[in-house]
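# fold the following.
(one chain, ligands or ions: 1)
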Amino acid sequence: MSDPTRPPAVGVLDQGPAITFPPGFLWGAATAAYQIEGAATAGGRTPSIWDTFSHTEGRTVGGHTGDVACDHFHRMPDDVRLMAELGLKSYRFSVSWPRVQPGGSGAANAEGLDFYQRLVDELLGHGIEPWLTLYHWDLPQPLEDAGGWPARDTAARFADYAQLVADALGDRVRYWTTLNEPWCSAFLGYGSGAHAPGRTDGADAVRAGHHLMLGHGLAVQALRASRPDAQLGITVNLYPVTPATDSPADADAARRIDALANRFFLDPVLRGSYPADLRADLASVTDFGHVRDGDLETISTPLDLVGVNYYSRHVVAAPVEGEQPEAYWRAPTCWPGSEDVRFVTRGVPVTDMDWEIDAPGLVETLQRVHRDYTDLPLYVTENGSAFVDTVVDGQVDDTDRLAYFDSHLRAAHAAIGAGVPLRGYFAWSLMDNFEWAWGYTKRFGMVYVDYDSQVRIPKSSARWYAEVIRRNGLAAQ
Ligand code: FCB
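Presented below is the predicted three-dimensional model:
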């Protein structure tokens, strides 16, 4: 019997025609250093803010840490072989800053760099294009102790680190993204405190966002100077933000959240300015005194590509007097100055993260970036879903995840049809891993990881994705 209070079942493939992607479309999968590597103290690595945070009581579900994770540090050649078996054209990974520059300043750690040199060589040896992210949230702890991202100097430290990685890997890595999802680093790290370093100050979150972007601009300048042929970009997490009703108050709530979630980063990086309405909305939080002359020119240093991470949509409403339905929940403190806005649950199918599944939102997001901001090539640098997986007879049949990928790839294809220069797609994630504050309780992988034995089992979605790559498109459903 179906439960009428539950949303309709997910995991059902929509009907759709066969589709083919443009020649050379870059098919990949993504991971991040702290989420998969483990080997937290190997070869001179020192703690990052995520080591400290995850080892602090009450910060992660079950007290889970990335100490061992998928043990990828020790199993890397086998993992690359698995990627090759799946036919991946590209692999997006991140470099652990405290592994290659322990403490976040000073000389490179040769042992740490050696791991990434071997990884890159292994990838190239299998014909897989390395896609390197410099910062996927693992700030060296001493830099946090010196003020973290709210402190201006962290931007300069980041550029030094970028140079050091470019010196070691620039001859072999063509695609570079500076930051992964600076919104999360700034607003979850320093606003709501749900992520490392777990601080809760709106003004610090806004300052962190600015210095992350400043670090990005300085890093792009350093990389451009030393590797003129490199393809340089940034990865931002974007959401369509939709008002719950057509009331002017809800439209204004949507405008505010769109400013904080999307335009806070897109405007400085791609237009060289902060939106005037964002500055006004944040007037009670900060006077933007941390922005110095020349910063926005640095932040908007020209790029070669933009990476978009897409998972879901925000539907928001203004608060009204009296009771609001339970489906209207108050924005947490990762929205400084807009904590009164209500986020609305629509009752549509959700993933195991409770994120609403909304493939058309991917089309909207890509079209918006292209229409309003840039002609640059776009890449979906992350897209995927967590679902509960069970191993039956050594197999994991994850039809729900497969259906999520299918609908979002159809959306990506529709965006290309509408004129968006989308050049590639990276599934999140290659394998199950440490899902930040959720620890190991949420599985996003196309490959199942048994954390006790470290055995990897490609799920149905992995086999399906291999076929998508092989035919450069989707079969009819
Ligand atoms: C993104 C992160 C990635 C992963 C997915 C589920 O916000 O970049 O590391 O946690 O969400």
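# what about Ala331, distance to Tyr274?
Counting by Cβ to Cβ, to the nearest Å, the gap from Ala331 to Tyr274 is 21 Å. Backbone N, C-alpha and C define where each C-beta goes, glycine included.
# I meant Pro142, not that one.
Pro142 is 30 Å from Tyr274, by Cβ to Cβ.
# so the two - more neighbours on which side?
Tyr274 (21 against 16; other Cβ atoms under 10 Å).
# and the helix ranked longest in the chain, what does it pack onto?
When the chain is parsed with DSSP state H, its longest helix is helix 202-226. The helices and strands touching helix 202-226, judged by 3 or more Cβ pairs under 8 Å, 6 or more residues apart in numbering; DSSP states H and E, are helix 153-169, strand 175-180, helix 182-183, strand 231-237, helix 264-271, helix 295-299.
# how about the ones you listed, which one is nearest Asp400?
Among the helices and strands packed on helix 202-226, strand 231-237 comes nearest to Asp400, with 21.9 Å by Cβ to Cβ.
# what is that closest one packed up against?
Against strand 231-237 (3+ Cβ pairs under 8 Å, 6+ apart) you get strand 175-180, helix 182-183, helix 202-226, helix 264-271, strand 305-309, strand 378-382.
# can you list the strands that the helix or strand following it pairs with?
Once the chain leaves strand 231-237, the next helix or strand it forms, by DSSP states H and E, is strand 241-243. Partners of strand 241-243 in the sheet, by DSSP bridges, are strand 314-317 (parallel).
# wondering if the strand it pairs with reaches the ligand at all.
No: contact between strand 314-317 and the ligand is absent, the nearest approach being 14.0 Å (criterion: Cβ under 6 Å from any ligand atom).
# with stretch 330-342 instead?
No: residues of stretch 330-342 are not located near the ligand by Cβ under 6 Å from any ligand atom, the shortest gap being 12.5 Å.
# please state the offset of that stretch from the chain centre?
21 Å (Cα atoms, centre = their mean, to the nearest Å).
# span of that stretch from start to end?
End-to-end span of stretch 330-342 (Cα to Cα, to the nearest Å): 5 Å.
# can you list the buried residues in it?
Residues 331, 333-338, 341-342 are the ones in stretch 330-342 that count as buried (16 or more other Cβ atoms under 10 Å).
# just put the helices and strands packed on helix 202-226 in CSV and tack on mean pLDDT.
Formatted as CSV, those follow (pLDDT from 0 to 100):
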stretch, mean pLDDT
helix 153-169, 98
strand 175-180, 98
helix 182-183, 98
strand 231-237, 99
helix 264-271, 99
helix 295-299, 99
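# so which of the buried residues of stretch 330-342 belong to strands?
Arg342 (DSSP state E).
# let me know the closest of the buried residues of stretch 330-342 to the ligand.
Cys334 (12.5 Å; Cβ to the nearest ligand atom).
# double-check the closest one against Phe187; I have them as touching.
Yes: the criterion here is Cβ atoms under 8 Å, and Cys334 meets it with Phe187 at 4.2 Å.
# so what sits against both of the two?
Here Cys334 and Phe187 have Ala205 as joint contacts, going by Cβ atoms under 8 Å, 6 or more residues apart in numbering.
# show me what from the stretch 51-200 of the chain comes close to the ligand.
Close to the ligand, as judged by Cβ under 6 Å from any ligand atom, the stretch 51-200 of the chain has residues 180-181, 184.
# mind giving me the packing neighbours of the lowest-mean-pLDDT helix or strand in the chain?
When the helices and strands of the chain are compared on mean pLDDT, DSSP states H and E, strand 328-330 comes out lowest with a mean of 81. Contacts defined by 3+ Cβ pairs under 8 Å, 6+ apart place strand 328-330 against strand 342-344.
# so what does the strand it packs on touch, helix or strand wise?
By 3+ Cβ pairs under 8 Å, 6+ apart, strand 342-344 packs against strand 314-317, strand 328-330.
# please work out which of the ones you listed is packed deepest.
Stretch with highest mean neighbour count among the helices and strands packed on strand 342-344: strand 314-317 (a mean of 24; mean count of other Cβ atoms under 10 Å).
# perfect, I'm done here.
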